[in-house]
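Peer 1: Got a sequence here, can you build the structure:
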Amino acid sequence: MNTVTGGSRQQQHASGTAHRTEGLHGHPLEGNTIRTAAAEALGTFVLVLAITSTAVAATLAKPLAGAPYGSLAVPVAGGLALAVLAASLGHLSGAHLNPAVTLGLAVNRRFPRAYTPAYVLAQFAGAISGAAVTWGLYGRQARAQAYLGATYPAAGVSLGRVFAAELIVTFVLVLVMTSVATDSRVPRGVAALAIGAALAAAILISGPISGAGVNPTRAIGPMILTGRFTGWWAYLTAPVIGGALAVTCYERFLRKGSAPSTCTPANPGRALPVTRPALGIKRGHRRPPHRRAHRIMPLQRQQQPAQRLTRHARLVQAGQDGQAGLHHRQPLGHAPRPRRGAHRAHLTSPGWSWTGTSPAAYPYSQ
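Peer 2: Prediction:
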């Protein structure tokens, strides 16, 4: 019943009304009509078979390892089947499985109109085949008593209410599909799960009113085999209109939206700057001079070992081992911190450190 657009989705959206050679989930369309239509027929067959067989089993009270099916079995079966099919066939045909999806995308130029007739015919063929297999599996009672799981208005429900229910739930389903499957901002992994859950919710909402068609092929297919066409026009037109409105709503309005950023209460239009104070330094306080100096220390540390080793070697060669002791006491790559208020004299004697700090600043070297 659904799904999605695909690879290079941003390029497809930017191309607007340009001719599309890629369909939903990025599957190739040009010269591939037979294969994609076959995938649509197969997917719709599995979807309708899962829904109608579960509905027939629940109507006939067929047990499955215990109590018979309840009313929750149909939405569970439909949602799981659609999620599996969207994940497994999406890259082949887009896994529309629903004329409301195909026509809604085609009207908004999100799907090539030349491929639309083949998709719709394949979907109806798959739905009729799925209902026929349900008939063969459950026998005459499936057609005589359960009507092959066909959707009909509930007792006391007018066709106007049926039309409204089908339009609303199909709008929600196709809107979810368009959002999660055609927008590149949504992770691809959640598309199939979200679409299946949306179908399950749609069946739960409209089931007590209209029988939950949500798909013209799922509703009309069993009707053709049972020969009962009560309210068929509502199940055929309402989903198509709802799907077209959903795609139009998302493409023309919702797609341009984005999540709001964090704003200040005084100025809602201005986003808060993302800042983080330095580790150990309070906001608003100046860094002490000796800590600020550490910012340039990496460059000094790269030059420091070579200078010390060279001067130490010169002192040893000159026989001034006493003056070279300072270099043995200082670890390579680390300059000792001077005392507070120590006098810094630029000494030129080779016996003292290249930092130019006077001997009074190094009590441990005396």
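Peer 1: quick one, what contacts G231?
Peer 2: Y152, P153, L159, V162 (Cβ atoms under 8 Å, 6 or more residues apart in numbering). The way it works is simple: take the backbone N, C-alpha and C, and place the C-beta from them, glycine included.
Peer 1: Nearest to G136 among the residues you listed?
Peer 2: Nearest to G136 among those: Y152, at 22.0 Å, using Cβ to Cβ.
Peer 1: picking up where we left off before, same list, the contacts of G231, but as CSV with neighbour count and secondary structure please.
Peer 2: What follows is those, written out as CSV (neighbours: other Cβ atoms under 10 Å; DSSP: H, G, I helix; E, B strand; the rest coil):
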residue, neighbour count, secondary structure
Y152, 21, coil
P153, 19, coil
L159, 15, helix
V162, 25, helix
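Peer 1: Put together JSON lines for these, with distance to P117 and pLDDT on each row.
Peer 2: Written out in JSON lines, the entries for the contacts of G231 read as follows (distance: Cβ to Cβ, whole Å; pLDDT from 0 to 100):
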{"residue": "Y152", "distance to P117": "28", "pLDDT": "93"}
{"residue": "P153", "distance to P117": "30", "pLDDT": "94"}
{"residue": "L159", "distance to P117": "28", "pLDDT": "94"}
{"residue": "V162", "distance to P117": "27", "pLDDT": "96"}
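Peer 1: Arrange the residues you listed in a markdown table, one row each, with distance to I34 as further columns.
Peer 2: Listed next are the contacts of G231 as a markdown table, based on distance: Cβ to Cβ, whole Å:
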| residue | distance to I34 |
| --- | --- |
| Y152 | 35 |
| P153 | 38 |
| L159 | 38 |
| V162 | 36 |
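Peer 1: out of those, who's nearest L42?
Peer 2: Taking Cβ to Cβ as the measure, Y152 is the one of the contacts of G231 closest to L42, at 27.1 Å.
Peer 1: ok, and the closest non-adjacent residue to the closest one?
Peer 2: The spatial neighbour of Y152 that comes closest, neighbours along the chain excluded (Cβ to Cβ, 6 or more residues apart in numbering), is T230 at 5.1 Å.
Peer 1: Check L92 too.
Peer 2: Setting aside the residues directly before and after it, L92 is nearest to A39 in space (Cβ to Cβ, 6+ apart), at 4.4 Å.
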